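Asker: Pasting a predicted model and its sequence here:
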Amino acid sequence: MIQSIVATIRAKAGQEAELKAVALQLVAAVRANEPGCLLYTLSQGDAPGSFVFMERYADEEALAAHRGTAHFKTLGRAMGAFMDGAPSVQRMVEIG
């Protein structure tokens, strides 16, 4: 079943550009290296300093593979230095 995620992150004040730069590196790495990832985008959120990842995976295995990649772990850790708190993550299973 297709797995979808919407993850919202907030940058620390004054560190929006740094967070965006690392997040865009992650987008590029996912698109280049994860054939099971059907969609991986970064958008500017409505709230100042917020960014939204929209993710879609072919199945649970593709999502698990994403979480196990070196680029997810490394760049996720790098983004953490610029984030204001934990991400808000909504996970969904596509039904139609």
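Answerer: Alright, I've got the coordinates.
Asker: residues near the closest residue to K20 other than its chain neighbours, how many?
Answerer: Leaving aside its sequence neighbours, K20 sits nearest to F51 (C-beta to C-beta, 6 or more residues apart in numbering; 6.6 Å). C-beta: built from backbone N, CA, C; applies to glycine. By the other C-beta atoms under 10 Å criterion, the neighbourhood of F51 contains 22 residues.
Asker: do the same with Q15
Answerer: 14.
Asker: In three-state terms, how would the residue nearest the centre of the chain be classified?
Answerer: By C-alpha atoms, centre = their mean, the chain has its centre lying nearest to F53, at 4.4 Å. At F53, secondary structure determined by DSSP: H, G, I helix; E, B strand; the rest coil is strand.
Asker: ok, the closest residue in space to it that isn't next to it in sequence to G96 distance?
Answerer: In space, F53 comes closest to A7 once its chain neighbours are excluded; the distance is 4.4 Å by C-beta to C-beta, 6+ apart. Remark: distance between A7 and G96 (C-beta to C-beta, to the nearest Å) = 22 Å.
Asker: next one: S50
Answerer: S50 is 28 Å from G96, where distance means C-beta to C-beta.
Asker: who's more crowded, those two?
Answerer: Set S50 next to G96 and count neighbours by other C-beta under 10 Å: S50 wins out with 17 against 2.
Asker: Now do the contacts for the more buried one.
Answerer: For S50, the contacting residues are T8, I9, R10, A11, Q44, by C-beta atoms under 8 Å, 6 or more residues apart in numbering.
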